[in-house]
Every structure is written in structure tokens, then in C-alpha cells.
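Student: from the sequence below, what's the structure:
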Amino acid sequence: MNESIEIFDGPPSFSDLVDRVMTKYGCRVDEISLRGRFDCGKARAHYVLMKLSSDANWKHYKDVVHEANVACLEVIVEIVRMPGPNVVMREEVTVVNHNGTQESEMLHHVLGETERDFDLAIANDDFPNNIFERDEANIDVDNVSMGSEDCELEEDGVVGEEDISMVHKAICESSMVNAEGTSIGESPVIKKGMKFNSLEELKFFLADYAVRLHRPFSVVHSDKNLRYNVMCKQGCHWRVWSRLISSTGQWRISNVVQPHTCRSSQPKREHVQCTAKYLGRRILGIIRKDSETSVPSLVESIFIFSGYRVKYSKAWRAKQHAVALLWGDWKESYGMVPRVLSAITYYNPGVKWWIDSCGMMVPDNGVLKHILQRVFWCFPQCSEAFQHCRPVILVDGTFLTGKYKGTLMMVVAVDPEQQIVPLAFALVESENNESWSWFMKLVRVNVLGPSRIVCMISDRHHGLLNCAKDHIDGFPPLVHRWCMRHFAANMSRRQKSNGVIGKLKLLCTVHTEREFREKLEDLVKDLNDDAKEWLKGEMRDKDKWAQAFDEGGMRWGIMTTNFSESLNGVFKGIRSRPVAGIIEYTFEKCNAYFVNRWGKARDMLDQGYRIGQVADNYLSEAELRSVHHLADPYGPERMVYSIRSYGSTNIGGESHGGRHYRVDLHEVSYTCNVPQLLHLPCSHFITACKARGLNFQSPMYLSPLYSREHTIKIWESSFQPYLDPSQWPAYEGVGYVPNPSLMRNKVGRRQKKRFTGEMDVMAAPGYPLLEAAYDLHHRAHHLADMNEHLTPLRARVHSPLRWDERYAQYLQRAGFLDIAVQVVGGLPPMDGPLLTAMVDRWRPETHTFHMPFGEMTITMQDAAMILGLPLHGLPVTGIIQNENWRDMAEMHIGIRPPEPEGGDSSKKTSGVSSAWLREHFEPWHRHDSLPTFYHVWKHVRPVRGNPDRRYRAYTNEFDVLTQYQVEWKPYDHQQLSDIVFSPTCYRDRELWRCTTPMILYFVVEFHMPHRVMRQFGRMQPCPPLELSTSQQLHSIDRRKQYKENDWRVKHDRYIHMWNNKEGCDPEGGPYWRPNNEYIRWYCTSTRTKVKPSWTNVPIEDAPSDDDADIADAYDTVTRHGTQPEHAPLHDYMGQQLARLSNEAG
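Tutor: Numbering: from 1, shown residues only. So this is what the prediction gives:
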């Protein structure tokens, strides 16, 4: 199909259109057929053809197009010629009328015409496939091709590159290049002797040829070690032979028969070679340019360059394949990160990068690998550029939208042209205290340096507020200022009024304290009580948000983080890339910035513009205002001036009403406060300089950091290309994998836009060990993050079991006698508040209690020592319903009762003989029953008192508990050395530290002793990150009905793990000692405090009996009661000390 653009002098009639077609293509009226195409879709394009055969049809078509999405007349001309009696040739030409009002005529030939004379092929299902064997046997590798190239459409270059109708001419990039260096993206030509580096390249070349010419083929022979032969699917004689060259590993086309003599398959609207894998290579250029291209737009792009409209699912798979080709698989991309950074560093010495796994490891294909939790990188060109920028950085982050969750953190500066200067980047798990602190420490050390005090402008995320206070030896403190826009957004949460928000922003930007008081007084009049109270609380930190109180002008006039968020907009299109692709994009984008902006700055400097755009715009306005000022000299040397600004003028021409300002040219001080804040001469200073005859652009008055020379110094560094992976240096470092807990499991389209709302709501901290599916419903989340008040839980109890002495011998044989005696004796009193405080710290992700100093849990040692339970044996599982009682007995006791003698099934035998029992079961001896640790601890005096108060006391005590206050090995206590305990407590000691699933029919829970090695008297290392059980297993309980009769089949995998568990030496491993590495990892991986502060009020006196709120007060009675409750006192004293230290400076 040929396409051309036609522009008429005026709105064409149907006769004008027909005449133009006949003149252009030299055909008669009876040889042409006209159809008009228009878009009738809404959200997506949907094209419909309308037949044009009269003036009425033409008028109706123009009316329809006028109401369509795109008002463009597209006419398809079908030309039917009769060159011979047996051949009918069709030529389709699209004539596009873009504008019917222009007087000039423009004609673009997009596709040339090629006419060939050949006989019409007849499709035949009886085509002999063995012709390949006959022909291949006669192939002479030195012969030339048996046929010439078959080219349905011979394409020339694109003339109108901005015309959207020619999008199909934009060849997508491909890594496929043949031996002669010709890109496969060009019009494919099949020639004998062509070589390809791999079979994949050959397959793509043939598929590309088939799709472009709309001629599908079938694979006749495919052997990756020998040959690959194809033939036309529609029955003509076109076919290609190719073979593997064993000496080089390349593939060579050994013979080809062409041209095609069959009809095009395009009318079928489908093509067998138009697969997702093929399309993935064709859209590489689109995805590299914008990885967030929507799938519907890809569908349209594919239709434009291929002529086939594929389904949404195929386009989506093609996009995923293109992403994998460009930057690797989602999981593999994490392993490529150190290799990419090493390659960039090799060609650009000085690149700084760090990877932090937070001490976490995870098994990958049977090998423990480090988790890439965080990665930081900065380029030396950016670090050098910052030394010539104003000492202000802007910090922000944007979330990733790929398969794995994460946040891209960025730090930028601003050059004299008001352009962003990227400084450093990091990929982290989320925005939290630990990630921001880690990132900003690396920024301060590797980018900012120790020589300058730098101001950081950001939102008020709790992580940024904390990291600004971090101290680093040898480095100056980081000055923190808040973004005005984020600060004003907090007001909208309390009073939604645009007028109020505007006044608050004006309050932030005034320059003097007098103006600040005036604007504040005006603002307060419009505020409601909630907004007034909030603003009153913020006044103590007004130096962080009000420019008038910006001591030392640390902001340099920059009030918002719009620059950093502009960089977020630049990087928005790469958030869906794998992490290695994000790193490559930052390098490419920084290089583009340095190349383009250096050239522009050089040109401006050559033209005589020596001041940057920021200062130039400001000084131009200030100089215009200075014309209306009056300067009066003071002092003996006349270096002090009184500047009267412009006011009004009376009838006599005398000016009055203007404000007076003092300017000291010698001390460089000004009462307007503008030069101190902006480091630029104000209009009053310019007036004084003119009166004195001084140059106000002198470096004494105008900071050199605003000059264009500094712009050139910022962008003069150059990047070096790091080439392709085949030329990268070998990487022999640690391998990394993604954090499995960060993988998105939700089905459907991922969020790409942040919901609107308060600009800097302090999000709950993200913890690598905690999963959102559990944490959002966990009590600790509601207590610590939601600040909710929860009450203690009630312990569920049951009545004691009935006991019969005849049970004893069977329980003894099964090993359950000790626990049976304990259960029959009744449960001890349950401390509900204590159990609730423990439940608040129990985590299903790890099956451990998360204490402030590390993890603790209930181990097999506890089950053996306290309850006397046996650990060896078969798992407690099986069939839950069975009509044959012998099967049930065999499943539970391991011995099958005998069948009836003589095979007589009619005789009832619902029991077994006593002789059989004596033969298989030993008699029970009461002296075998010895106490377990349960017997010792069950006599502990129960705790009495208000449950709610006790619950809060336990919660606070756990929050301040340290590892040195824990009795890690209670079973070795000296006081218990004289007691003889039951042998069942010690008989399975080798299983105390084995990691294995524990099974009880539908319940499967993992035993995780490697996370609590201190409970065995051993040092606790950083455990590898692994999930205990899946959420599906945790959701199985007795409250739901499951159609499972035999749980052995359901849990076969876990039963196999139990049967193959390995014992270990309970005394092996290094002995207990503090491990700071583990503590650091643990504190950054989970929530260590359930209640940040129980009280911040002084301790009260003992309440009287009349006080109604006695249960809620922390008083002297509570403090001196039976329960140790020093946590509230700890909170209160800590706050008082902090207040006193702040007052003392």
C-alpha cells in the first residue's frame, strides 16, 4: 500500500478528488474504488471504512470526520488493472487531506511503486514436503541464490518525519545485526550466504521478513545443532534453507527459492510469525524511550508498523519481553546492578557506589545470596559540579512501579540558570527513618564534603527530620529547611481555603520580621480554631519555614522543592524499569544534561552574558525599581545611605509615603534584609551604589555563584561511555537477589500516580521483616502507628479432661503421659494482660516474638522441658474420616489390629483381645512418671489488679527491656539442679535446634531456632531472610470448612521435610556474646517499640477513692505496686532532660 499527502487549494468536492486520483496515478474512472477511513473510537482508536461513490457519500463522510476524534480525511484508493487475461493486480493508495484551505500543493511519496509480472499462484494442500530433502541434497554452497528478492513494497526514506501518518516508517531498534553490518530493522533482503551469530538472530530475521511482506511460513526442519528450514505457509514455492557452521557457531543461509507467488495474508488480520517474542524486538526503541508506554498505545503502534492489530495480552507480553531484552529479567536485574556500576566505574573513575543488604540473605537455587536492600551511586562529575553550585540541596523520592516495590531517592542542586543539577541517587526498600539516614550520610560524605555548611530543603517526612540531626565526625551539621508548598499543604488539612493557603505562602516569603508580624496578624483573622492551634505550635520552628527568620540566608531564596520534583518528573518514565535499567538511565540522562547545558552556557558567555538567568532576571527588576528611590548620604565617608523607596506624589510634586531603609556599603548591611537572604543586591543597594559610583555587580556585593562562569564550571566535566556488556570488566564480587517480601503479588494494573492529599503525611515506617498483609491487621500496627487504644484480650479456657487410670498405659506408650497428667490437673491461672502484651509482639512472618533487643520464640526445647512431649516420631496427621476403625487405629498407633479369624466378615469384631494388647503393649509403671518444669512453675502466684493497667505496664516494660535482663537459659538455673526431672525432657535433645515444619492435621507451622540462638546459649548471627509459611497456610483453621479428607496429601511437601529433618549438636556453635551487627540489622528490619511513649505528664499523687479515672492515671501507687513499671518514668525523665538541654543550648 502506497501513501501520499494531498493538500488542495480549497475544500475539495467529490469530482475534485476523483480528478486528482486519475491525474496522479494515470488510471480511468472504472479502474478505481474509493473508501474513506475515520476513527469512531472513544478511549481507544477504532477505524471504520465508508464507501465513496457519489457527492452525497463524500459530504456525509466529511460530516462524520468533522465529529471524529481526529479531523483528518483519509481516503483509500483501490486501483484494479487488467494486465493480462489471468492476472488481476490491485494497488491500494491512501490519500490524506490534512488541510483544505492552503494554497500550496505538497506531495510526499512515502512508499514507491513496484510492479511485477508473474502468474497467480494456486494454493495446494498436497504440496510435497519431501521436496526439501530433494532440493537440499543438490545444494551447492558456492552457487548463487536460485531466486531474486521478493519485495511487495519497496520503501524509501521518510520525508515528513513529523507527520503522524508515517509512524510506521520509524524502524524500532534491534540488537539483531547480520554479518555485513546491515541492521535487520531495515527492509529485509534474503540472500544466499547471509550469516547470523545465532539461531535466534536467524529466526528473528525470517520472522521480520515474513511479517513485513505479509507472507507467513511454516517450519519444516528445526535442529539447533544442524539446520533450520522454512517454506511458505500458503503453498507457493518460496522456501529457505539454513545450516549451522560448526567451526564458528554461526548460521548461514545455504539456499533460497523466491519470489513469493501467493497472495498477501494481510486481509486475514493475523500472522503466525507475529508473536510476542518477535514484537518485543520490534518495539525495543519504543520501550527504551518510554518504559511506561501503555499497552493500548503499543497495540496501535504495532498495528501501524506491522499492519496487524494484536490482542492486549500479546502486546503486554511483547512489552515484558522487550524490557527483559533491554535490562534483564526483574530478578536478574538485581544481580546485574554491581556489574553495571562496576562497568561505569571502570570507564569513569571516581564513581562512588555502595550496596547494603542489611545483613539479610535468602536461598536462591540452593545457595544463600545477599539481598540487595539498598544501593547508592553518585558520579564524580556531579560531585565536582556541586562545588560550584549554591550550598543548597533539594531532596525527594519517587516510588517504583515495577514488579518489586521500592523508592528512588534523589538529591539535586540548582545552577545559576535555574536548572537542576543531579547529585546522587539511591534505590531503597521504602521511605523510612533508616533508609533516609543511610542515604543522607552517604550524600554528606561523598557529595557535600566537609568544607561547606549546606542547607537541605525537603518535606517533613519523619526520616528526613531525623537524618538532619545525625552527627558525622569531621563534617559540619546539615541545616534543614522545609518546603513552603508542603508546609502550606498541612494547613489545608485543617482549613480548606485557597485564600488562607495563599496568605500562608505569602507569610513564608516575606523578608523582614516587621512584614512577618503584619502578615501573620492578617492571616490569623481568617483561621479557624484548629488551624490557629496548629500554626501556634509551628511558630517555635519558624526559622525552618519562614524566610524572614532564615538566619544566614541558608535558603538562598529557594522556598520549595519544585526543582527536585521536576527531576522526579524526568525520571517518572523509568519507574517501571528493572533496577539495572534505572541506573543506566541516570547515567545517560546526566550525560545529556552535561553535554547540552555546557554548550548553551558557552554560547551565552561568548555573547557577553556574564550573569546567570536567576540573578539577571532579579537585577533587571531591581534596577527598574531603583529609579524611583532617593539616596541621602550619611557619615564622614558617605558609605552609609538612607534610601527612601517610591511612595505617592502630592500636587506640588513632592514624594511622600515611601519607606526608609539604611544601606551601609562598607559593612555590606541592609535593613530590608533582602541581600542577606538572597545574596543579591536589592533595589535600595543599587540606588546607593549608583549614588556612590560603585559597581553593584562587584563580587563583594553579588555572589560569584550566580555568574555564568560557574555555570560553565558546573557542566564542563565529561562522561565516558561504558560500552556494551561484552566489553565490561569481569565482576567477581558478591551476587545479589531482590528482597522477596518486596515483590508485588497483587494482580492488575499497578499504581503510577500518587494520590492527592496532604503533601507530607508521615507514612508509617517500612520494615523489611514485616509483610503488609499481616502488619495492617496486627495489633502492634494499630498501637504504634495508628496510636489506637486497645484493651487486653481474654484467654480462652476449657474444662479439665475426664481421666481414667486405664488410659495411662496407652498414653505412656505414645509418650503423652506427662502432658496428659498436666492437662487433667487443670490449667494454671492465665495472666491475660501478659499474654496480650506477648501477642502484640508475635509475628507470623517469622514465628517469633519481636522484642526490642532481638527475637525470642517457643522452641522444641520448651515443649520437651515444660510439657515432656516427645519430638521423634510420625507427624500428627492423616485421614480425618474413615469408616474402617482398623485403618484409623493403624494410622494413629502404628500397629494394625488383627482381622477376624477365618475371614468371616459377618462376625462383629469391634475390639481386640487382651492377649494381643499384652503382646504389643508394655505394662505401665507409675514410678516412670517424674516431674517436668511445668510442675515447678505452675505454683507461681497469680498476678492481681486492674487488667488494663497491668496490660499497659507489661507493654512498657517490654519496650525498655534489654538483652542483659533476659534469663536466656532458664533450664540450667542453679536452683533447679537438685530436682530430678522426667527423662522425656532430655531424650530428643538433638532436635531442639532443627528447622522443620510442625504438623497437626490442617496446621503447619515452622520451627525457627536459627533466629533465637541466644535461647540455646549461643551467639545470634543475622539470620537469612525466609518466610516461615505462606499466607495460604496461615489462613487454614477450624473456623472454615475445607474439602480435605486426607491431610497427608494436602501437606505432602511438609511431611517430607519433617521425615528428613536433621538433628544437630545442642552444644555446638559459638557461645553467647553481644553481636552489634545483628542488633543493627534487627533494629532496622522490624518494629521494636509497640508504644513510643506511655505518658508525658508528671507522676501524680495517689488518687482518692472518689476519682473516677483511677484506672488511667500513672500514680505513686502504680509505681510502687507489685509490678515494675519504670517505662513511664523513663519516658517522662527523658523528655524533661531533652527540654533542659535545649534550653541550655
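
Student: pretty sure Gln418 sits in a helix.
Tutor: No: Gln418: not assigned to a helix; according to DSSP: H, G, I helix; E, B strand; the rest coil it is coil.

Student: that one against Gln613, yeah?
Tutor: Yes: under the criterion of CB atoms under 8 Å, Gln418 makes contact with Gln613 at 5.7 Å. Quick note: C-beta positions are derived from backbone N, CA and C, even for glycine.

Student: of the two, who's got more company?
Tutor: More crowded of Gln418 and Gln613, by other CB atoms under 10 Å: Gln613, with 17 against 12.

Student: that one reaches Glu417, doesn't it?
Tutor: Yes: between Gln613 and Glu417 there is a contact at 4.6 Å, judged by CB under 8 Å.

Student: check contacts around Gln320.
Tutor: Gly280 (CB atoms under 8 Å, 6 or more residues apart in numbering).

Student: mind listing what's buried in the helix or strand containing it?
Tutor: Taking DSSP states H and E as the criterion, Gln320 maps to helix 312-327. Neighbour counts over helix 312-327 (16 or more other CB atoms under 10 Å) mark 314-315, 317-319, 321-323, 325-327 as buried.

Student: lowest pLDDT pick from those residues?
Tutor: Minimum pLDDT for these is recorded at Trp327 (81).

Student: how close does that residue get to Phe386?
Tutor: Using CB to CB, to the nearest Å, we find Trp327 at a distance of 29 Å from Phe386.

Student: hmm, back to that, any common contacting residues for Gln418 and Gln613?
Tutor: Counting by CB under 8 Å, 6+ apart, Gln418 and Gln613 have no shared contacts at all.

Student: ok, and what's touching whichever helix or strand comes after the helix holding Gln320?
Tutor: Toward the C-terminal end, the helix or strand that comes next after helix 312-327 (DSSP H and E) is helix 330-347. For helix 330-347, contacts defined as CB under 8 Å, 6+ apart pick out 327-328, 351, 353, 355, 372, 375, 377, 379, 402-404, 578-581, 583-584, 587, 720-723, 725, 728-729, 731, 733-738.

Student: now the buried members of those.
Tutor: Counted by 16+ other CB under 10 Å, the contacts of helix 330-347 give 327-328, 351, 353, 355, 372, 375, 377, 379, 402-404, 578-581, 583-584, 587, 722, 728, 731, 736-738 as buried.

Student: so the protein: which segments form each domain?
Tutor: Domain assignment for the chain by automatic domain parsing gives 2-97, 131-146+165-327, 330-477+560-610+710-734, 484-558, 613-706, 805-898+911-992+1079-1083, 1095-1145.

Student: tell me the most buried of these?
Tutor: domain 330-477+560-610+710-734 (a mean of 19; mean count of other CB atoms under 10 Å).

Student: quick one: average pLDDT of that one?
Tutor: Domain 330-477+560-610+710-734 carries an average pLDDT of 90.

Student: work out the gap between it and the centre of the chain.
Tutor: Chain-centre distance of domain 330-477+560-610+710-734: 16 Å, with CA atoms, centre = their mean, to the nearest Å.

Student: the chain should start at 750 in everything you say after this.
Tutor: I'll keep to 750 as the first residue from here, and by that count the last item is domain 1079-1226+1309-1359+1459-1483.

Student: out of the contacts of helix 1079-1096, which sit inside strands?
Tutor: Among these, the members falling in strands are 1102, 1104, 1124, 1126, 1485-1486 (criterion: DSSP state E).

Student: show me the shaky parts of the stretch 1400-1549 of the chain.
Tutor: 1400-1407, 1418, 1495-1515, 1546-1549 (pLDDT under 70).

Student: can you give me the strands in it?
Tutor: With strands called from DSSP state E, counting those that start in this stretch, the stretch 1400-1549 of the chain shows them at 1404-1405, 1409-1413, 1418-1419, 1485-1486.

Student: and the buried residues of helix 1061-1076, which is closest to Trp1741?
Tutor: Trp1741 has its nearest neighbour among the buried residues of helix 1061-1076 in Trp1076, at 46.5 Å by CB to CB.

Student: correct me if wrong: that closest one contacts Tyr1334.
Tutor: No: assessed by CB under 8 Å, Trp1076 is found out of contact with Tyr1334, at 9.3 Å.

Student: what touches both of those two?
Tutor: With CB under 8 Å, 6+ apart as the test, Trp1076 and Tyr1334 both reach Arg1326.

Student: give the other helices and strands that the longest helix anywhere in the chain contacts.
Tutor: In the chain, with assignment by DSSP state H, the single longest helix is helix 1328-1355. On a contact count with 3 or more CB pairs under 8 Å, 6 or more residues apart in numbering; DSSP states H and E, helix 1328-1355 meets helix 1061-1076, helix 1079-1096, strand 1123-1127, helix 1129-1135, strand 1169-1177, helix 1311-1320, helix 1457-1464.

Student: how does it look with 7 Å?
Tutor: Other helices and strands packing on helix 1328-1355, by 3 or more CB pairs under 7 Å, 6 or more residues apart in numbering; DSSP states H and E, are helix 1061-1076, helix 1079-1096, strand 1169-1177, helix 1457-1464.

Student: any idea which helix or strand comes after it?
Tutor: helix 1362-1375.

Student: among the domains of the chain, which is nearest His1805?
Tutor: So among the domains of the chain, domain 1554-1647+1660-1741+1828-1832 is nearest, using CB to CB, at 10.2 Å.

Student: what is the mean pLDDT for the closest one?
Tutor: What domain 1554-1647+1660-1741+1828-1832 shows for mean pLDDT is 76.

Student: picking that back up, dump the strands of the stretch 1400-1549 of the chain to TSV, plus distance to Val960.
Tutor: Below are these laid out as TSV (distance: least, CB to CB, whole Å):
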stretch	distance to Val960
strand 1404-1405	80
strand 1409-1413	75
strand 1418-1419	72
strand 1485-1486	37
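
Student: of all those strands, which one is nearest Pro1008?
Tutor: Set against Pro1008 and scored by CB to CB, these come closest in strand 1485-1486, at 51.4 Å.

Student: how far does the closest one sit from its chain's centre?
Tutor: Relative to the centre of its chain, strand 1485-1486 is centred 16 Å away, using CA atoms, centre = their mean.

Student: ok, it: who's next to it in the sheet?
Tutor: In its sheet, strand 1485-1486 lies beside strand 1116-1120 (parallel), with partners assigned from DSSP bridges.

Student: contact partners of the strand it pairs with?
Tutor: 1106, 1109-1111, 1483-1486, 1488, 1773-1774 (CB atoms under 7 Å, 6 or more residues apart in numbering).

Student: same check on stretch 1442-1458?
Tutor: Contacts of stretch 1442-1458 (CB under 7 Å, 6+ apart): 1138-1139, 1165, 1350, 1353-1354, 1358-1361, 1363-1364, 1414, 1417, 1428-1430, 1434-1435, 1438, 1459.

Student: got the CA positions of it in CSV?
Tutor: C-alpha atoms of stretch 1442-1458 as CSV (Å, rounded to 0.1, in the frame of the first residue of the first chain):
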residue,chain,number,x,y,z
GLY,A,1442,29.6,55.4,41.8
LEU,A,1443,30.2,51.8,42.6
ASN,A,1444,29.6,48.7,40.5
PHE,A,1445,26.8,46.8,42.2
GLN,A,1446,27.8,43.7,40.2
SER,A,1447,31.1,43.5,42.0
PRO,A,1448,31.9,40.1,43.7
MET,A,1449,31.8,41.9,47.0
TYR,A,1450,28.0,42.5,46.5
LEU,A,1451,27.0,39.9,44.0
SER,A,1452,27.9,36.3,44.8
PRO,A,1453,30.1,34.7,42.2
LEU,A,1454,27.9,31.6,42.4
TYR,A,1455,25.4,33.4,40.3
SER,A,1456,27.9,34.0,37.4
ARG,A,1457,27.8,32.2,34.1
GLU,A,1458,31.4,31.2,34.6
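
Student: lovely, talk soon.
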